[in-house]
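[1] Quick one, what's the 3D model for this:
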Amino acid sequence: MARGLLYALAGAAIGAVAARAAYTAFTRLAPRADEKEPGRWTRTNHRGEPITLLEGPAFVAGSGAAAALAPGLPPRVRLAALLAGVGSGALGAYDDLYGTTKSKGFKGHLTALGRGEVTSGAVKILGIGATGLGAAALVSRGPVDTLVNGAAIAGTANLANLFDLRPGRAIKVGLLTGGPLLAASLFRDAPLTAALTAVPLGAAAALLPDDLGERAMLGDAGANALGALLGLAAVTKLGRRGRFVLLGTVAALTAASEKVSFTKVIAGNPVLNRLDMLGRRPVDAA
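    Just a heads-up that it's a prediction; the model follows:
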């Protein structure tokens, strides 16, 4: 347990420091946005206020640095983390910059693809599927495990992005799901999974204040990378049955998101709503 704790602390610390340094650098170097020229990395949030998407690239840079430098990760696992995190983050950034709202969700993008229209979302879906399989191939045994693990990694990458609709929500979901995985890894003396889980959690926690303060958001780049890294960490710890349960849960939630608004479900549940609003500006302050 001591070795796993050391690896986890180191991974989280490197991720946090690197993510904060990257965010500071990116926001200082980015052209100043205004109402006439909001900038490529500026979006309007749910309150109608301008907000930067540079938190996403900062998370990708921070978690990528931690994956490359954190102790306790064998070369193949380190490469898998870089492929899953940086790969899905780059594809998410592409969608952040060039995506449109014409087609939404898996169904919308795949329907457009069936008509011969290649949307940025379709590129991201297919690309994250490929990076997920590539990362899975580095940590799996045999083709069946590779397919299941790859689908789980790609699925968690997409699912995390579905929660990035309110300040801090995607990071909170990441911390609430990754925290128990980290604790279980430490308790059961699985230092590799502990290090792998701590990498995105440290980077995410360091960026949470700006997310909650409605100064920045993860966007597709950060949310996809966060989900992919936590999915990778999960498949290295879970047995085959657990990985099938994970994949089924992710698939069910993704399918539900096509019909049900997660924001409405959360707002209608007192416990979930309290967690969602923790650290945020009151809704009536808009």
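[2] how far away is Pro143 from Ala61?
    Distance, Pro143 to Ala61, by CB to CB, to the nearest Å: 33 Å. Where you see a C-beta, it was placed from the backbone N, CA and C, and this is true even at glycine.
[3] Looking at those two, which is more packed in?
    Neighbour count, other CB atoms under 10 Å: between Pro143 and Ala61, Ala61 has more, with 23 against 9.
[4] And for Gly4, the neighbour number?
    Gly4 has 22 nearby residues by other CB under 10 Å.
[5] and it, what does it touch?
    Residues in contact with Gly4 (CB atoms under 8 Å, 6 or more residues apart in numbering) are 72, 185-186, 189-191, 194-195.
[6] What average pLDDT does the helix or strand containing it get?
    According to DSSP states H and E, Gly4 maps onto helix 2-29. Per-residue pLDDT values across helix 2-29 average out to 93.
[7] in it, what's buried?
    4, 7-12, 14-20, 22-23, 26-27 (16 or more other CB atoms under 10 Å).
[8] Equivalent analysis for stretch 137-145, please.
    Those would be 137-140, 145, for stretch 137-145 by 16+ other CB under 10 Å.
[9] residues contacting Val77?
    Here Val77 is in contact with 138-139, 192, 196, 236 (CB under 8 Å, 6+ apart).
[10] Return the closest of those with respect to Leu53.
    Leu196 (25.9 Å; CB to CB).
[11] just checking, what packs against the helix or strand where that closest one lies?
    Using DSSP H and E, Leu196 falls within helix 191-212. In terms of contact count using 3 or more CB pairs under 8 Å, 6 or more residues apart in numbering; DSSP states H and E, helix 191-212 is assigned the packing partners helix 2-29, helix 55-69, helix 75-98, helix 169-187, helix 219-237.
[12] Present those as CSV; the columns should include distance to Ser261.
    Shown next, in CSV, are the helices and strands packed on helix 191-212 (distance: least, CB to CB, whole Å):
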stretch, distance to Ser261
helix 2-29, 30
helix 55-69, 23
helix 75-98, 21
helix 169-187, 13
helix 219-237, 17
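[13] For Asn273, which of the ones you listed is the nearest?
    Nearest of the helices and strands packed on helix 191-212 to Asn273, taken as CB to CB: helix 169-187 at 11.2 Å.
[14] pLDDT wise, what is the residue most central in space within the chain at?
    With distances taken as CA atoms, centre = their mean, Leu226 lies nearest the centre of the chain, 2.3 Å away. For Leu226, the model assigns a pLDDT of 97.
[15] same deal with Asp284?
    Listed pLDDT for Asp284 reads 59.
[16] any low-confidence regions in this protein?
    Scanning the chain for pLDDT under 70 picks out 31-38, 100-118, 284-286.
[17] I'd assumed Ala160 was in contact with the residue nearest to the centre of the chain.
    Yes. The criterion here is CB atoms under 8 Å, and Leu226 meets it with Ala160 at 5.1 Å.
[18] so which of the helices and strands packed on helix 191-212 gets nearest Leu278?
    Closest among those, using CB to CB: helix 169-187, at 7.6 Å.
[19] which other residues reach that closest one?
    By CB under 8 Å, 6+ apart, the surrounding residues in contact with helix 169-187 are 1, 4-5, 8, 160-161, 163-164, 190-191, 193-194, 197-198, 200-201, 204-205, 207-208, 211, 218, 222-223, 226-227, 230, 233-234, 237, 266, 275-276, 278.
[20] Just the buried ones out of those, please.
    4, 8, 160-161, 163-164, 190-191, 193-194, 197-198, 200-201, 204-205, 207-208, 211, 218, 222-223, 226-227, 230, 233-234, 237, 266, 275-276.
[21] Double-check that Arg43 belongs to a strand.
    Yes. According to DSSP: H, G, I helix; E, B strand; the rest coil, Arg43 belongs to a strand.
[22] what's the neighbour count on it?
    Arg43 has 15 neighbouring residues, counting by other CB under 10 Å.
[23] Report the contact partners of it.
    Shown in contact with Arg43 (CB under 8 Å, 6+ apart): 50-53, 217, 219.
[24] can we see that at 10 Å?
    49-53, 96, 217, 219 (CB atoms under 10 Å, 6 or more residues apart in numbering).
[25] how about TSV for these, with secondary structure, distance to Val271 and neighbour count added?
    Formatted as TSV, the contacts of Arg43 follow (DSSP: H, G, I helix; E, B strand; the rest coil; distance: CB to CB, whole Å; neighbours: other CB atoms under 10 Å):
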residue	secondary structure	distance to Val271	neighbour count
Glu49	coil	28	11
Pro50	strand	32	16
Ile51	strand	27	24
Thr52	strand	31	22
Leu53	coil	30	25
Asp96	helix	31	24
Met217	coil	24	27
Gly219	helix	27	28
